[in-house]
Structure formats: structure tokens, C-alpha cells
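Novice: Okay, sequence plus prediction incoming.
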Amino acid sequence: MMVLLETAKLRQTTRKNLGLVRVYSKPQGQQPDFNEPFVLSADRGGCTVEDFCNHVHRTLVKDMKYALVWGTSARHYLQHCGLFHHLEDEDVVQIVKKKVREEGGRGRFKSHSNTPARIADREKKTPLKQ
């Protein structure tokens, strides 16, 4: 039992001395994945939300709207954060992406017909024979 406590302390002090930060990801609508953390450090790029997004995938930074953060770096339980929020050890991060705009409006403002918008764009009918 004593050996386990000493190895746990050794791991903790090693992480602290190296400046390693464990960040857990949370998919939308699911529980956080505490089995596989993303390990960030100031020496390997930084410990911000932007660095976390780059660690997951390079295009995630462009598609990100905001991040939801739980943990010691958040001022309150669920904090909306931007790219430059500094993450701390054992934070949980959920990335919310921008929604893709649909062509032709949204909801009741959506165009439902395929007819031309202007009268001049309509096809002309053949004249009647007399």
C-alpha cells in the first residue's frame, strides 16, 4: 500500500515539474472520456483552448464557435471560453462548432419553390396561334 502511494506522489510531482496538463475531451451529449487525456505543456505548444484544438485536429480552430470548460481554470461551473483561455490540469473541454448556413434561408424564411425570383427570368411561352 505504501509503495502505491509513493508511486502516485512520484507521478504527480513529475507531472508538476514537467508542466504537463491533462485535458479531457467531452463529446456533445455524452460523458467525458476520463480514460485517455490529451496531454499539453507550455514547452510543446502551450496550454490554451487553441492549442487543445490543434492537438485534436488542425481544422477544428477554424470551425470552433466557443468552448465549454469545467475544472479549476473555469471561474464558474460551466464557462463559455474563447481560443485564448488558459487550461489547467484535469480540465474538461467541450468544443462547440459553428453551424453551417443553409442556402436560401432558414425555417419559415426558407424558399420552398423552384420558380425564378424575377419575372424577367421566367421562360416565355409560345404565342397562341390565330
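Specialist: Sure thing, it's come through. Treat the numbers as computed from the prediction; the structure is a model and nothing was measured. Numbering: from 1, shown residues only.

Novice: contacts and neighbour counts: CA atoms only from here.
Specialist: Noted.

Novice: can you pull out the strands in this structure?
Specialist: Applying DSSP state E to the chain gives strands spanning 20-25, 38-41, 64-70, 79-81, 91-97.

Novice: Spell out which residues sit in contact with residue 25, please.
Specialist: Contacts for residue 25 (C-alpha atoms under 8 Å, 6 or more residues apart in numbering) come out as 32-33, 37-38, 92-94.

Novice: Mind listing the residues bridging to the residue nearest to it when sequence neighbours are not counted?
Specialist: Of all residues beyond its chain neighbours, the one nearest residue 25 is residue 93 (5.1 Å), with distances taken as C-alpha to C-alpha, 6 or more residues apart in numbering. With DSSP bridges applied, residue 93 shows beta-bridge pairing to residue 25, residue 69.

Novice: Show the pLDDT at residue 93.
Specialist: Listed pLDDT for residue 93 reads 95.

Novice: Repeat that for residue 67.
Specialist: pLDDT for residue 67: 95.

Novice: measure the residue lying closest to it once chain neighbours are set aside to residue 40 for me?
Specialist: Spatial nearest neighbour of residue 67, chain neighbours left out: residue 95 (4.6 Å); criterion: C-alpha to C-alpha, 6+ apart. As judged by C-alpha to C-alpha, to the nearest Å, residue 95 and residue 40 stand 16 Å apart.
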